[in-house]
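*Asks:* would you be able to build a 3D model of this:
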Amino acid sequence: MLVCMLGSQPGLSVAELESVVGSQLVRPLGNDYALIDIDKEKLDHSRLGGTIKVAELIKIIPTSRWNKVSAMAFDEIFKILKEKTLETQHKLTLGISVNEFKISPKQLWLLSFAISKKFKKEGRTIRVIMGKNFQLNSAQVIHNKLTGEFGFEFLIIAHAGKAYLARTLSVQDIDSYSKRDYGKPKRDMNVGMIPPKLAQIMLNLANVDKNSIVLDPFCGTGSILMEAALEHSKVYGSDIKQLMLDYTKANLDWLAKEYSLNIDYKLTLADATTYKWKDSFDRIVTETYLGPSIKYMQNDDSIDNAVDYCNNLIKKFLINLKPQLKEDSRCCIAIPVWNSKNGFIHLPILRQLKELGYKRLEFTHVNFADLIYYRSEQIVGRELLVLTIK
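*Replies:* I've put the predicted structure just below:
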């Protein structure tokens, strides 16, 4: 049994896990974690954009009272650390992250100190790492090698009157994500550049695997195609602007060199609302035009104009795409949504999907409102549609 620490958009993280392992194997633990009933060898964390940490469940403690939880956690953690030091005197590094407990920093420090003190009595050395707000972030786990041979991070999670104790196995490679986001040769701040993590989530929602042929009809600078290529998928991109195709080519060639890949890709200058793609594809993953950049909520007319334009564009695209899809095709499409003081403003096209011949897939543990990627300071967000044909 695994415990997954979810990303900043937990609904998207859970939907991704449902798509990868099946909804019957996923059980949310509050807003920040989920239990996954799967062996650790069967989950490739490197391809999960929405999961920050993956940990192995050690014990479920039948109480969430900290004094009892900490005592039981102490015994389990000490036992694991002692087993690790039977044949070595190497210095160990320990970190403990807790979630949903109403405790003071001193209480967490006392637990960590008690473990360290007992080890010293046995002639062993252990270094304790403390995080802010009771949590160690990915950078701290990586920097202190807490998933290495002599490093340990333990998670203690309170949920529904129980506590879950787990040991972290892996964390997201933040440097690799940053490299693919900011280190690629071609970026354009004037177009919506989808983050690599979100691109991974979308690919997983579309059930992309190494045998998939992925089409991105609005490929932009190629972020989605890059992440699909890392999955060893064949990728096919098109865009209405030649400059974007040039950027995508440069980025894919850079990716191939940086990651020692042989990428099978094709790029086509095309209007996604009218073009008939000649090459076969079975997965469509794309971010459509998100409308003009909006730094603050403007007058109603400007928002209405953006909604009308984007709605008409995406409707034409879906009408054009439908007859070109295979029966088992699956699409993940990011469309714009506007965050107003009265709530999100959605595209009217959402009410017309059925009559256009599409079925919007539902998830067991999240609803459609959870499939929105946005930052609190942003007006324009991304709403994810996972579609099949009826």
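
*Asks:* average pLDDT for the lengthiest helix in the chain?
*Replies:* In the chain, taking DSSP state H as the definition, the longest helix is helix 300-321. Across helix 300-321, the average pLDDT comes to 91.

*Asks:* list the helices and strands that helix packs on?
*Replies:* strand 330-340 (3 or more CB pairs under 8 Å, 6 or more residues apart in numbering; DSSP states H and E). For every residue, glycine as well, the C-beta is placed using N, CA and C.

*Asks:* paired strands for the strand it packs on, with orientation please.
*Replies:* If you go by DSSP bridges, strand 330-340 pairs up with strand 283-287 (parallel), strand 343-345 (antiparallel), strand 380-389 (antiparallel).

*Asks:* most packed of those strands?
*Replies:* strand 283-287 (a mean of 25; mean count of other CB atoms under 10 Å).

*Asks:* now do that strand: everything it contacts.
*Replies:* Residues outside strand 283-287 that contact it (CB atoms under 8 Å, 6 or more residues apart in numbering): 192, 194, 199, 202-203, 206-208, 212-220, 224, 228, 233, 321, 325, 329-334, 382.

*Asks:* separate out the buried members of those residues.
*Replies:* 192, 194, 199, 202-203, 206, 208, 212-220, 224, 228, 233, 321, 325, 329-334, 382 (16 or more other CB atoms under 10 Å).

*Asks:* where do the helices sit along the protein?
*Replies:* 10-21, 66-84, 105-121, 138-143, 174-182, 196-205, 223-230, 242-258, 300-321.

*Asks:* so which of those helices is nearest residue 160?
*Replies:* helix 66-84 (13.6 Å; CB to CB).

*Asks:* flag every buried residue along the closest one.
*Replies:* Judged by neighbour count (16+ other CB under 10 Å), helix 66-84 contains these buried residues: 66, 69, 70, 72, 73, 74, 77, 81.

*Asks:* grab the most central residue of the chain for me.
*Replies:* residue 50 (1.8 Å; CA atoms, centre = their mean).

*Asks:* verify the contact between it and residue 12 for me.
*Replies:* Yes: taking CB atoms under 8 Å as the definition, residue 50 is a contact partner of residue 12 at 5.3 Å.

*Asks:* between those two, which contacts overlap?
*Replies:* With CB under 8 Å, 6+ apart as the test, residue 50 and residue 12 both reach residue 201.

*Asks:* which ones are touching residue 197?
*Replies:* Taking CB under 8 Å, 6+ apart, we find residue 197 in contact with 7, 49, 50, 172, 177.

*Asks:* any idea how far residue 197 is from the second one?
*Replies:* This points to residue 49. For residue 49, the distance to residue 197 equals 4 Å [CB to CB, to the nearest Å].

*Asks:* who touches both of the two?
*Replies:* With CB under 8 Å, 6+ apart, residue 49 and residue 197 have common neighbours residue 7.

*Asks:* how about the nearest residue to the residue nearest to the centre of the chain, chain neighbours excluded?
*Replies:* Ranked by CB to CB, 6 or more residues apart in numbering and with sequence neighbours excluded, the top spatial neighbour of residue 50 is residue 13, at 3.3 Å.

*Asks:* confidence score at the one you found?
*Replies:* In this model, residue 13 is scored at 98, pLDDT.

*Asks:* quick check: the gap between it and residue 7.
*Replies:* Per CB to CB, residue 13 is found 5 Å from residue 7.

*Asks:* what sits in contact with each of these two?
*Replies:* Taking CB under 8 Å, 6+ apart as the criterion, residue 13 and residue 7 both touch 50, 51.

*Asks:* between the two, who's got more neighbours?
*Replies:* Using other CB atoms under 10 Å, the more surrounded residue of residue 13 and residue 7 is residue 13, with 27 against 22.

*Asks:* wait, that one sits on residue 6?
*Replies:* Yes: between residue 13 and residue 6 there is a contact at 3.8 Å, judged by CB under 8 Å.

*Asks:* for the two, list the residues in contact with both.
*Replies:* Joint contacts of residue 13 and residue 6 (CB under 8 Å, 6+ apart) are 34, 50, 51.

*Asks:* the last one touches residue 3, doesn't it?
*Replies:* No: in this structure, residue 51 is not within contact of residue 3 by CB under 8 Å, at 10.1 Å.

*Asks:* in terms of neighbours, single out the busier of the two.
*Replies:* Ranked by neighbour count (other CB under 10 Å), residue 51 and residue 3 place residue 51 first, with 28 against 23.

*Asks:* grab the nearest non-local neighbour of that one.
*Replies:* Residue 51's closest residue in space is residue 4 (CB to CB, 6+ apart), at 4.6 Å.

*Asks:* now residue 271
*Replies:* Residue nearest to residue 271 in three dimensions, not counting chain neighbours: residue 240, with 5.2 Å by CB to CB, 6+ apart.

*Asks:* per-residue confidence at the one you found?
*Replies:* 97.

*Asks:* what does the one 5 residues further on give?
*Replies:* The model reports residue 245 with a pLDDT of 97.

*Asks:* swap in the one 5 residues further on?
*Replies:* For residue 250, the pLDDT comes out at 97.

*Asks:* just give me the neighbour total for residue 117.
*Replies:* By the criterion of other CB under 10 Å, residue 117 has 10 neighbours.

*Asks:* I meant to write residue 326 there.
*Replies:* Counted with other CB under 10 Å, the neighbours of residue 326 add up to 11.

*Asks:* the closest residue to it other than its chain neighbours: neighbour count?
*Replies:* Setting aside the residues directly before and after it, residue 326 is nearest to residue 282 in space (CB to CB, 6+ apart), at 5.7 Å. By the criterion of other CB under 10 Å, residue 282 has 18 neighbours.

*Asks:* now residue 23. Nearest residue, chain neighbours left out?
*Replies:* The nearest residue in space to residue 23 (CB to CB, 6+ apart) is residue 364, at 3.8 Å.

*Asks:* which residues touch the one you found?
*Replies:* With CB under 8 Å, 6+ apart, residue 364 has these contacts: 18, 23, 24, 26.

*Asks:* between those, which has the most around it?
*Replies:* For these, neighbours tallied by other CB under 10 Å; top is residue 26, 24 neighbours.

*Asks:* great, nothing more from me.
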